[in-house]
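1. Attaching a predicted model along with its sequence, questions to come.
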Amino acid sequence: MYYIDSPPESKLAHYNQILQPSPDDKFIDMLPAPISFQEHLEEMRRNLKTYPSAFVGEIGLDRSFRIPHPTEMGRHPNRASSTDIGGTTYSCSRVGSVCEHPWGTGTRCFVSDSVEPMERVRTAIKIEEAETEAATTA
């Protein structure tokens, strides 16, 4: 998961703020530390320059999504490698439940309580695209 502005005070505070219903602390402990969305965009740009024929894939900014249980990550035979350009999220209509999915049980369904940060993400992407286009045409 990403943060938009300044780093969160803690991983626990970050996930409790953005995920509804709030996951239990044990589940949050298994999730990765939040990273800067700006840094993620920069990494995507570097990877796309290094691998120009790579695909970014689906980028979901929906409010509802699934988070695979960290111990299940990588077990699906079609799971992308850690060198992927972007991440993967899955649409989910069963918020708060544990779902069945291709990796097995353990996926938790959540909804982001905040639409406004998603608008800021969309704006950041548009700015990045405009800056990239301006740099390539200059």
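-> Perfect, I can see it now.

2. Look up phi and psi at S36.
-> The main-chain torsion angles of S36 are listed as degrees, to the nearest 10 and equal phi -70, psi 130.

3. Repeat that for the one 3 residues further on.
-> Here is the backbone geometry of E39 (degrees, to the nearest 10): phi -60, psi -40.

4. Relative to L31, how far out is it?
-> Taken as CB to CB, to the nearest Å, the spacing of E39 relative to L31 amounts to 17 Å. Every C-beta, even on glycine, is put in place using the N, C-alpha and C of the backbone.

5. okay, those two: which has more neighbours?
-> The residue with the greater number of neighbours, taking E39 and L31 and applying other CB atoms under 10 Å, is L31; the counts read 18 against 11.

6. What separation is there between S22 and A13?
-> 11 Å.

7. So these two - more neighbours on which side?
-> S22 (16 against 12).

8. Could you list the low-pLDDT ranges of the chain?
-> Scanning the chain for pLDDT under 70 picks out the ranges 56-124, 127, 138.

9. Just give the number of residues close to Y2.
-> Here the number of neighbours of Y2 (other CB under 10 Å) works out to 16.

10. Likewise for P23?
-> 19.

11. Settle this for me: it is touching Q17, isn't it.
-> No. Taking contacts as CB atoms under 8 Å, P23 lies outside contact range of Q17: 11.5 Å.

12. Flag every buried residue along stretch 44-53.
-> Using 16 or more other CB atoms under 10 Å as the test for burial, stretch 44-53 gives 44, 47-48.

13. Let's see which of those end up in helices.
-> Secondary-structure check on those using DSSP state H: residues within helices are 44, 47-48.

14. Spatially, and excluding backbone neighbours, which residue is closest to S36.
-> On the basis of CB to CB, 6 or more residues apart in numbering, the spatially nearest residue to S36 that is not a chain neighbour turns out to be Y3, at 6.3 Å.
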